[in-house]
Every structure is written in C-alpha cells, then in structure tokens.
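**Student:** Sharing a model that was predicted from the sequence below.
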Amino acid sequence: MITTYEAAPDIDVLTSSFPVPGFGLIPINAFVLHAAEPVLIDTGAVVESDDFMTALQSVIDPADLRWIWLTHTDFDHIGSLHRLLGENPQIRVITTFLGVGIMGLSAPLPMDRVHLVNPGQTISVGDRSLTAMRPPTFDNPITTGLYDDRSGALFSADCFGALLAEVPQSAEDLSDDELHQGQVFWATVDSPWLHTVDPTPFAASLDEIRQLRPDLVLSSHLPAASGGSLERLLRSLETVPAAAPFVGPDQVALEQMLAGMTGSAPH
Ligand SMILES: [Fe+2]
Ligand SMILES: [Fe+2]
C-alpha cells in the first residue's frame with residue numbers, strides 16, 4: 001500500500017515499504033515537487049502502479065505535471081513512467097543519455113519528450129532551479145540525484161537508504177543505532193563496490209554533500225530526513241567501505257526456508 005505525507009510545504013512523499021525476507025523493510029519513495037512547473041521525482045515500483053496512481057492523484061492532478069525526474073531506471077523507480085507519459089502529453093522526462101539507452105531495451109522513451117542532464121547541469125522549472133548531481137553511492141550508472149535551490153531539498157536517489165524494522169515518517173524518529181545499522185546494511189547491498197573504493201576520494205564525495213548543507217535529505221529508500229540528520233547520514237556511509245560485505249541466502253538457505261514454509265502450512 002502506498003501512503004503519502006508532506007516533507008515540506010511544497011514536497012509530498014509517496015511511500016511504500018517492501019519486505020526483504022529475513023532482513024527487514026525497505027521504504028520505496030517517490031516525490032511530488034510542487035514547483036511552478038510541477039515535477040514528479042521517480043514513479044514507484046512496477047508491481048504497485050495502480051496504487052501509485054491512486055496515491056499520486058491524492059496529492060496532485062497528474063494532468064498538472066510537467067516533468068518526471070527519473071533518478072535511474074530500476075524497477076522501483078519506473079513503475080508508472082509510461083502510464084503517465086501516455087496520459088499526459090505535456091510531461092517531459094529528465095534523465096541521462098544512458099537512461100534513454102537503457103529504457104530503449106524495454107520501453108523506449110520518445111526522444112522529443114526527453115530532457116538530458118549530466119551531473120552539475122541545472123534546469124529551471126519556473127520558480128526554482130534543479131541541479132543534477134551524482135550521489136556518493138548508487139547502484140546504477142544512470143543515477144542522477146538533484147538539489148532544489150528553493151526548498152533546499154536534496155533528492156539523493158538510492159543513496160542514504162536504510163533497511164529498517166519499522167518505517168517511521170521521519171528519519172529523526174530512528175535511533176542512531178537503527179539508522180546506522182540500516183544504512184550500512186543497505187549500502188553494502190545496493191553499492192557493493194564501496195568495499196573496493198579508495199576511502200579518500202569517497203570521503204571527499206561525502207564532503208561535497210556536507211558542504212551543500214541541504215535543509216532536507218530525501219532518499220528513495222529512507223524516511224524524509226531534516227538537515228539536522230545530515231551528519232548522522234554521512235558518518236554511517238563513511239564506515240561502509242570497511243563493513244562486512246553482504247552475502248545473500250544461498251540455495252541451501254532457500255531450501256530450508258521452503259521446507260519451513262511447507263512444514264508450517266495447514267494440512
Ligand atoms: Fe537502484
Ligand atoms: Fe532504488
């Protein structure tokens with residue numbers, strides 16, 4: 001089920017939580033930025049498109065949208081992309097050259113409805129400028145987050161996500177330990193390359209976010225976080241290169257799980 005909440009007067013969050021069996025819940029967020037030219041940042045998970053459209057209609061008339069900012073093309077971000085493009089001919093999709101290429105392998109984007117950005121480039125949406133940026137961690141080379149100079153919100157794509165036992169509406173409601181453990185676990189799953197990086201340039205990429213001093217951090221996979229939580233978010237990521245790598249359940253574990261499910265099933 002997808003619910004909505006307001007992260008700022010001009011930003012609505014559309015959120016659902018997906019269980020990762022044996023590990024916890026991962027929030028999946030999309031955002032409506034009520035700019036003069038309204039922007040939808042990501043479009044939910046493919047399996048939840050109907051629910052997503054209902055939730056979206058509760059915070060904006062989809063006919064009013066002018067832009068979809070696609071942070072990347074994973075299945076938890078493109079769920080209602082083509083549906084919205086079909087319904088609203090005014091929407092243009094902000095993505096990268098690589099994003100267009102990857103979408104071309106499944107559901108091509110009409111080229112006259114694409115707006116290409118690279119990290120560092122800025123696009124005006126009427127009453128504010130959105131600057132594309134590559135977040136310090138990501139799972140897909142297409143990934144482009146953005147900074148909104150009016151709200152001070154940083155939309156960080158998968159970066160700063162956390163696997164959680166329960167998902168509150170605000171990251172401030174998570175204890176230091178819950179946030180740290182959840183973030184480290186998620187980062188080892190989502191960005192396993194962090195175990196091979198040189199810590200110095202990685203720390204520099206975290207410092208860039210520190211210097212940006214966003215008022216809000218809006219990750220695709222974390223409850224909304226105020227600027228006051230930024231240091232907690234950054235410190236967790238600093239530890240990931242030295243953290244234990246994630247190893248998923250193997251076939252033996254799967255068979256044990258399936259046997260357990262059969263054993264507990266009613267006869
Ligand atoms: Fe992703
Ligand atoms: Fe994601």
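**Tutor:** Looks like it arrived, so ask away. Ligands and ions are numbered 1, 2, ... in the order given.
**Student:** So what sits opposite L154 in the bridge?
**Tutor:** Beta-bridge pairing for L154 (DSSP bridges): Y147, V217.
**Student:** Tally up the residues packed near it, please.
**Tutor:** When neighbours are counted by other Cβ atoms under 10 Å, L154 registers 26. (Each C-beta comes from the backbone N, C-alpha and C, glycine too.)
**Student:** Tell me if I'm right that it and Y147 touch.
**Tutor:** Yes - shown here, L154 and Y147 form a contact pair, counting by Cβ atoms under 8 Å, at 5.2 Å.
**Student:** Does anything pack onto the worst-scoring helix or strand of the chain on mean pLDDT? Which helices or strands?
**Tutor:** Ranked by mean pLDDT, DSSP states H and E, the helix or strand of the chain with the weakest confidence is helix 251-264, at a mean of 86. The helices and strands touching helix 251-264, judged by 3 or more Cβ pairs under 8 Å, 6 or more residues apart in numbering; DSSP states H and E, number zero.
**Student:** Which residues does it contact?
**Tutor:** With Cβ atoms under 8 Å, 6 or more residues apart in numbering as the contact definition, helix 251-264 has outside contacts at P21, G22, P249.
**Student:** distance of the residue nearest to the first one when sequence neighbours are not counted from ligand 2?
**Tutor:** So the one you mean is P21. Counting by Cβ to Cβ, 6 or more residues apart in numbering, M257 is the residue found nearest to P21 once chain neighbours are left out, at 7.5 Å. Distance, M257 to ligand 2, by Cβ to the ion, to the nearest Å: 24 Å.
**Student:** now swap in V114 and tell me
**Tutor:** Look at V114 and ligand 2: by Cβ to the ion, they are 21 Å apart.
**Student:** which ones are touching that residue?
**Tutor:** Contact analysis of V114 by Cβ under 8 Å, 6+ apart lists R92, V93, T95, V100.
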